[in-house]
Structures are given as structure tokens and as C-alpha cells.
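*Asks:* what would the 3D arrangement of this be:
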Amino acid sequence: MTKALDLSRIDELKENAYNNIESYNDPDTPDALAKFTSQIKAVLLADPKLLESVPEYLPIALYDQVKFPAEAKNKWAHWVKEGIQPEWDEFKTTVAFNKADLPLVLAVKNYSETLLIESCIVLFLLANDNKSAATNTDQDDDDYIEDQEEEEAYYDPFDDEEEEER
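*Replies:* Got it, this is the predicted structure:
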């Protein structure tokens with residue numbers, strides 16, 4: 001039996017996590033995000049129940065630490081598109097956690113399997129949105145280059161008349 005994802009909750013978790021991540025992604029203090037996530041991991045490992053009031057801290061703590069194998073990405077995309085929360089047995093075979101994060105992952109799983117799954121969905125969305133944005137930027141750059149080439153190839157007979165008058 002499939003369980004529906006609470007997509008509004010996922011969107012809220014994603015937005016809150018992204019805002020926090022971006023606030024610590026400061027070029028002037030490149031270690032800020034790593035230090036923050038390290039502190040969050042320690043606090044959440046000691047008391048996963050804190051996630052009740054700040055659920056966005058789990059995706060922040062695991063940001064850039066969870067991998068989605070290439071062969072599983074289609075499943076993830078399907079689950080998100082269809083609003084399906086994966087069953088635990090299927091979920092655990094489509095995600096890879098860092099060995100150092102396993103104690104936290106297990107503590108959170110024991111506290112709330114659903115929150116762990118939702119947090120990984122948030123991480124999947126963040127990872128894919130970033131890739132999509134990069135792809136779009138590359139496309140925009142290509143369009144700009146094509147526009148420049150068209151401008152350089154542009155010929156206006158009026159320009160010739162101005163040249164002759166000089």
C-alpha cells in the first residue's frame with residue numbers, strides 16, 4: 001500500500017533547509033556551513049526529538065552527504081512526481097549515506113522513519129534543482145552566443161548609405 005507524500009510539507013522543509021544552507025554558504029567564511037552541520041549532527045544525535053520543532057535541520061545536517069545512485073534516480077523522480085512516499089525496504093536500497101553519518105541516520109530512523117525519508121526527498125530535490133539551474137544557465141549562455149553571432153552577421157543596407165555620405 002503506497003503512502004502519499006505531504007508535498008506542501010516537503011516544499012516547506014526544502015525552502016527552510018535551502019535558506020539555512022544559503023545563509024551559511026558565505027565565501028568570506030567557507031567553513032561556516034561545515035561547522036554548522038557538524039554542530040547540528042552532534043545535537044540531533046544526542047536528541048533526535050529536537051527535529052519535532054526544527055525538522056529542516058536533518059536535511060541541513062545531511063546536505064551534500066547523501067548520494068543517490070544513478071540507477072535509482074528515476075525511482076526518486078517518479079516518487080516525487082507522483083507524490084509517493086517510498087516504503088522503507090525500497091527506500092534504503094536507493095540512497096547511500098556516509099559511514100560517519102550512520103549513527104545519526106539510525107537515531108533519526110528510530111525516532112521517525114518518515115522524517116528520514118522526507119529529508120532525503122528534500123536532499124534529492126535540492127541536488128536536482130541545482131543541476132537543473134546549471135543546465136539552464138549553460139543554455140542561456142548558448143542563446144547569448146547565438147544572439148551575438150546573429151548580430152555580427154546582420155546586414156543593413158542603410159549602414160552602407162551612411163558610409164557613402166561620409
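*Asks:* helices of this protein, start to end?
*Replies:* Secondary structure of the chain (DSSP state H): helices located at 7-24, 32-46, 57-61, 73-82, 88-91, 102-111, 113-152, 157-165.
*Asks:* these: lowest mean pLDDT?
*Replies:* Note on the helices of the chain: helix 157-165 shows the lowest mean pLDDT, a mean of 53.
*Asks:* deepest of the helices of the chain, which one?
*Replies:* helix 57-61 (a mean of 25; mean count of other Cβ atoms under 10 Å). Any C-beta I mention is one placed from the backbone N, CA and C, and that applies to glycine too.
*Asks:* picking that back up, among the helices of the chain, which is nearest Lys67?
*Replies:* Counting by Cβ to Cβ, Lys67 lies closest to helix 113-152 out of the helices of the chain; the figure is 9.1 Å.
*Asks:* residues contacting stretch 105-120, please?
*Replies:* Among residues not part of stretch 105-120, those counted as contacts by Cβ atoms under 8 Å, 6 or more residues apart in numbering are 5-6, 9-10, 13, 44-45, 48-49, 51, 55, 58-59, 62, 66, 85-86, 88, 91, 95, 97.
*Asks:* equivalent analysis for stretch 44-62, please.
*Replies:* 13-14, 16-17, 20-21, 36-37, 40-41, 43, 97, 101, 103-105, 107-108, 110-112, 115-116, 118-120, 122-123, 126.
*Asks:* what's the span of that stretch, first residue to last?
*Replies:* For stretch 44-62, the separation between the terminal residues is 11 Å (Cα to Cα, to the nearest Å).
*Asks:* chain center to that stretch, what's the gap?
*Replies:* Remark: stretch 44-62 is offset 18 Å from the chain centroid, using Cα atoms, centre = their mean, to the nearest Å.
*Asks:* thanks a lot, catch you later.
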